[in-house]
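>>> need coordinates for the following:
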Amino acid sequence: MKLLVTANHTPFIAGGANYHVEGLVAALRRYGHQVECLRLPFHYGETQIERQMMFAEQLDLTAPNDVLVDRVISLQFPTYGLHHPAHVVWLMHQHRVCYELYDPKQASPALAALKPQVEAFDRHHLSGVKRLFANSPRVAERLHYYNGLMAEPLYHPPHQAEHFTCGDDWGYAFYPSRLEPLKRQMLLIEAMANTRTPIKLLLTGEGSQRRQLEEQIERLGLGNRVRLLGHISEQEKRTLYAHALAVAFPPFDEDYGYVTLEAMLASKPVITCTDSGGPTAFVEHGVTGWKCEPCPQALAAALDDAYAHRAQAKQMGKQGREAYYAEKISWHQVVTKLVYSE
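The predicted structure is shown next:
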């Protein structure tokens, strides 16, 4: 089949979305399909977003350049506004600042005006597609809550899932992620100041909050226990997973969360929060990790529990790996659903 995958491209901003898009395109090709990936430039800003929605609505990808496309698979806002008779959406997330991240007290007049436009755009276009999937139960929940639409959760493996291994723990908690407010590294560092055990914390990634995190670590006197390692390679990341005691992942309302699945593949228990969204679908409290209240004291207690009961933490990690495989997460399932579902 001739397939088109549509997604966004935001110059010089990389993250899990790129792995999602690239992983899907590679999987479709492995299964013998002719695949092109159409990535539209995405620019933040209310005026630009209005223009991008209008542009997407004008795209008819039924037969570009007189080449018949059998199916279009759209992943991101606003690319799902395009037209194709066999249009399938596998939603990563909506334009979140117009939904669960919208704060009417803080919103600018431009954002307040944009919000109903985005809601109408989503209701119209997402209700008209052939099939509607979400990349996690949390994304599906939001879509139902805000737009009254039902989407089937469809999981996919993290990048290079087959390469994750488990080694002896070296007494640290690991958190790989962009250093951004929604990832809540500051909350985790505050928790480290409340721990009673000598557990250490390794943070990797870059982002807008690096300077604030450095200042917080210095202010709390945690320089010998919390380290910001910056950008690391995929191989280095897998090594840090392998030797972690536990993986800490306390973001706010995450969509899916590769970190959770990567930890499970590395047989490491996950420490997350009750309001962390995507991770809570995979972490069973006391079995594969800890689901804590989003406060420093609760996170500190979980970190201490992992350190003080390392044999139990190891067993929870093994159970996490078993739980991952019980979900039957695979690209085969993804391709079958997206390409052949009616």
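>>> of all the residues in the host helix or strand of residue 120, which ones are buried?
Element membership of residue 120, judged by DSSP states H and E, is helix 109-126. Within helix 109-126, the residues scored as buried using 16 or more other CB atoms under 10 Å are 111, 114, 115, 118, 119, 121, 122, 125, 126. The C-beta positions use only the backbone N, C-alpha and C, and glycine is treated the same way.
>>> out of these, flag the one nearest to residue 78.
Set against residue 78, the nearest of these by CB to CB is residue 121 (6.7 Å).
>>> out of the buried residues of helix 109-126, the closest to residue 43 would be?
So of the buried residues of helix 109-126, ranked by how close each gets to residue 43 (CB to CB), first place is residue 114, at 13.4 Å.
>>> now the chain, which segments are flagged as low pLDDT?
12-14 (pLDDT under 70).
>>> just to revisit the earlier point, right, and the helix or strand after the helix holding residue 120?
Where DSSP H and E defines the elements, the next helix or strand beyond helix 109-126 is strand 131-134.
>>> before we move on, the earlier item: next, format the buried residues of helix 109-126 as a markdown table and append distance to residue 39.
Shown next, in a markdown table, are the buried residues of helix 109-126 (distance: CB to CB, whole Å):
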| residue | distance to residue 39 |
| --- | --- |
| 111 | 25 |
| 114 | 23 |
| 115 | 25 |
| 118 | 20 |
| 119 | 25 |
| 121 | 19 |
| 122 | 20 |
| 125 | 18 |
| 126 | 20 |
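>>> I'd guess residue 237 is in a strand, am I close?
No. Using DSSP: H, G, I helix; E, B strand; the rest coil, the assignment for residue 237 is helix, not a strand.
>>> please report how far residue 26 lies from residue 37.
From residue 26 across to residue 37, the span is 10 Å (CB to CB, to the nearest Å).
>>> quick one, which of those two is more surrounded?
When residue 26 and residue 37 are compared for neighbours, residue 37 comes out ahead with 17 against 11, by other CB atoms under 10 Å.
>>> hmm, that one is touching residue 18, no?
No. The pair residue 37 / residue 18 is not scored as a contact, 11.0 Å apart, by CB atoms under 8 Å.
>>> the stretch 51-200 of the chain: strands as residue ranges?
Ranges of strands within the stretch 51-200 of the chain are 71-74, 87-91, 131-134, 152-153, 172-176, 200-204, based on DSSP state E, counting those that start in this stretch.
>>> need the ones you listed in CSV with distance to residue 231, can you?
Shown next, in CSV, are the strands of the stretch 51-200 of the chain (distance: least, CB to CB, whole Å):
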stretch, distance to residue 231
strand 71-74, 30
strand 87-91, 28
strand 131-134, 30
strand 152-153, 31
strand 172-176, 10
strand 200-204, 7
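>>> the ones you listed: which one's closest to residue 164?
It's strand 172-176; of the strands of the stretch 51-200 of the chain, that one is closest to residue 164 (CB to CB) at 12.3 Å.
>>> partner strands of the closest one, with direction?
As defined by DSSP bridges, the strand partners of strand 172-176 come to strand 200-204 (parallel), strand 246-248 (parallel).
>>> can you give the distance of that strand from its chain's centre?
How far strand 172-176 lies from its chain's middle: 17 Å, per CA atoms, centre = their mean, to the nearest Å.
>>> contacts for that strand?
The contact list for strand 172-176 (CB atoms under 8 Å, 6 or more residues apart in numbering) reads 185, 188, 199-205, 232, 237, 240-241, 243-249, 259, 262, 268, 271, 303, 306.
>>> go on, stretch 221-230?
With CB under 8 Å, 6+ apart, stretch 221-230 has contacts from 179, 189, 192-193, 198-206, 210, 213-214, 217.
>>> now list the buried members of the residues you listed.
Buried among the contacts of stretch 221-230 (16+ other CB under 10 Å): 179, 189, 192-193, 199-205, 210, 213, 217.
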